[in-house]
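Visitor: coords below, sequence missing:
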């Protein structure tokens, strides 16, 4: 049976407290597509790599989408009421600011697909991969948060093997 449409302002008024760090997301739908409301500010430094495209719609306020595009680090600003389609396999770090809200739509993952969370060395002279977690994503609402917390709690995972700089999850 089909459910009713979701009134976004009303949903935020009644459920905004559910948008909690470190990811600040809440899954509205999780069937053929995952539809999430994501609030700011968020606390993450990982770059998510999804084999399928991701659709970003910035409902309230602006956000910054940090990406690695053909090996180059760059920033994409998505302004309020703008949308952006990110191609699959693009490392990205969504930076959300206080009092902002976005909607993200992702495809259900194929059975053999792996999502990855990658942390790069924060030393701008290095930028090597510090750590990467890979998992078959079935529940974005919990799996990304678990991987971030695991990285945060392990100093060895957070230490760059190339230069010794310690990365943070926040």
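Guide: Happy to help now that I have it. Since this is a predicted model, take the numbers as computed values, not measurements.

Visitor: pretty sure residue 86 contacts residue 53?
Guide: Yes: counting by C-beta atoms under 8 Å, residue 86 touches residue 53, with 6.2 Å between them. Bear in mind the C-beta positions are built from the backbone N, C-alpha and C, glycine included.

Visitor: of the two, who's got more company?
Guide: Remark: of residue 86 and residue 53, residue 86 carries more neighbours, 21 against 14, as counted by other C-beta atoms under 10 Å.

Visitor: need the phi and psi values for the more buried one.
Guide: phi -90, psi 120 (degrees, to the nearest 10).

Visitor: what's the spacing between it and residue 122?
Guide: Relative to residue 122, residue 86 is positioned 23 Å away (C-beta to C-beta, to the nearest Å).

Visitor: now do the contacts for residue 138.
Guide: residue 109 (C-beta atoms under 8 Å, 6 or more residues apart in numbering).

Visitor: hmm, 10 Å instead?
Guide: Neighbour list for residue 138: 30, 34, 108, 109, 115 [criterion: C-beta atoms under 10 Å, 6 or more residues apart in numbering].

Visitor: what does the pLDDT read for the last one?
Guide: This points to residue 115. Per-residue pLDDT puts residue 115 at 95.

Visitor: in contact with it, which residues?
Guide: Per C-beta under 10 Å, 6+ apart, neighbours of residue 115: 48-52, 106, 109, 133-138, 140, 143-144, 147.

Visitor: same thing with the second one?
Guide: Counting by C-beta under 10 Å, 6+ apart, residue 34 touches 25, 27-28, 54, 104-109, 137-141.

Visitor: filter the residues you listed down to the ones in strands?
Guide: 25, 27, 28, 54, 104, 105, 106, 107 (DSSP state E).

Visitor: and those, which is closest to residue 166?
Guide: Taking C-beta to C-beta as the measure, residue 166 lies nearest residue 25 of the ones in strands among the contacts of residue 34, at 26.5 Å.

Visitor: who's the closest one bridged to?
Guide: residue 38 (DSSP bridges).

Visitor: need the contact partners of the worst-scoring helix or strand of the chain on mean pLDDT.
Guide: None of the helices or strands of the chain scores lower by mean pLDDT, DSSP states H and E than helix 140-152, at a mean of 85. Helix 140-152 has contacts (C-beta under 10 Å, 6+ apart) with 18, 20-27, 30, 34, 36, 43-46, 48, 50, 104, 106, 109, 115-117, 119, 130-137, 139, 157-158, 167-170.
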